[in-house]
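Novice: predicted structure and sequence below. I'll ask about it afterward.
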Amino acid sequence: MLDARAARRAHVDAATGLPDLLERLGVRYAARARRCGTPLSLDLDPGLETDLIGPVGALGEVLSGLIAHAIDHAPSGPVTLRVDVVADTPGQQVLHFAIDALTTPPDAWQTLRDRLATIGGTLWVEQHVAYRAIAEVRLIVPPAPPHVDVAALRNTLGSDAAMREVIAALGEALSIDVGHLERALTRGDVPALRQWLHRVSGALGMAEATGLAAMGVRLEQDVAVYQLADMELAVRRFAMDATRALAWLCEGRPPDPLI
């Protein structure tokens, strides 16, 4: 039995990112593995980003099913969840989550395939000595702390007065759009959310916050594909970083890039 605190930590649908999800999975299945006499371990690719976010709720459902099946059908030997980076591009990583199962996969795995497909992932099974299930999914690499190139912005605008005027306008626009964001998320209004991301990304690009602007464009594309519930955390983090970057500009700090 899990105590109340451990039980809360085991809720994989409440995970805030990949590190949190993996920790919750460990908490959830540690006791079950011990009862079965099965060592449970995690093998992480050293190239894995440490703060991946995205549709981890759906991913957690799939991994829960795979781990539970492997524990229940592995009478001897360890159960290891292996996480490998198979593609690494700016702003995202494609991962393979592999786990061995010693028996033929049950028909219920089709449900896991279908769930993974809703977030653009795939699930397949390879047969070697044992059966190995591999889930492939793409997750978002959050941007580095907001980088606003103040020197470039000042050079583009030509004067401090013009820079202050543009910054004030951008700050006002963002503060108004935060309300639009909340309404779009509450209503589940994907077109409105995409419009919000487009406007804010454009404003950030004008402020030379190029990294954040690029992240906004990627999120605008992703929310058209994935379920909104799976993307909400990533969108909120983007909104928080965008607000912080523009607030930093409005405060008139020294003319050095924010890194």
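Specialist: On my side now, so go ahead.
Novice: which residues does residue 91 contact?
Specialist: For residue 91, the contact set (Cβ atoms under 8 Å, 6 or more residues apart in numbering) comprises 140, 141, 143, 214, 215, 218. All C-beta atoms are positioned from the backbone trio N, CA, C, and that covers glycine.
Novice: what about the helices in the protein?
Specialist: 4-9, 18-35, 56-72, 109-117, 150-157, 160-187, 190-206, 210-222, 228-250 (DSSP state H).
Novice: can you give me the angle the third one makes with helix 109-117?
Specialist: Taking axes from the mean of the first three to the mean of the last three Cα atoms, to 10 degrees, one finds helix 56-72 and helix 109-117 inclined to each other by 150 degrees.
Novice: could you dump helix 56-72 to PDB, C-alpha only?
Specialist: Output in PDB follows, covering the C-alpha atoms of helix 56-72 (Å, rounded to 0.1, in the frame of the first residue of the first chain):
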ATOM      1  CA  VAL A  56       3.300  13.500 -21.000                       C
ATOM      2  CA  GLY A  57      -0.200  12.600 -19.600                       C
ATOM      3  CA  ALA A  58      -1.000  10.400 -22.600                       C
ATOM      4  CA  LEU A  59       2.600   9.100 -22.600                       C
ATOM      5  CA  GLY A  60       2.200   8.200 -19.000                       C
ATOM      6  CA  GLU A  61      -0.900   6.100 -19.700                       C
ATOM      7  CA  VAL A  62       1.000   4.100 -22.300                       C
ATOM      8  CA  LEU A  63       4.200   3.600 -20.200                       C
ATOM      9  CA  SER A  64       2.000   2.500 -17.300                       C
ATOM     10  CA  GLY A  65       0.500  -0.200 -19.400                       C
ATOM     11  CA  LEU A  66       3.800  -1.400 -20.700                       C
ATOM     12  CA  ILE A  67       5.500  -1.500 -17.300                       C
ATOM     13  CA  ALA A  68       2.600  -3.200 -15.600                       C
ATOM     14  CA  HIS A  69       2.500  -5.900 -18.300                       C
ATOM     15  CA  ALA A  70       6.300  -6.400 -18.100                       C
ATOM     16  CA  ILE A  71       6.200  -6.800 -14.300                       C
ATOM     17  CA  ASP A  72       3.300  -9.200 -14.300                       C
END
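Novice: tell me the pLDDT of residue 116.
Specialist: You'll see residue 116 listed with a pLDDT of 89.
Novice: one more: residue 66?
Specialist: Predicted confidence (pLDDT) for residue 66: 90.
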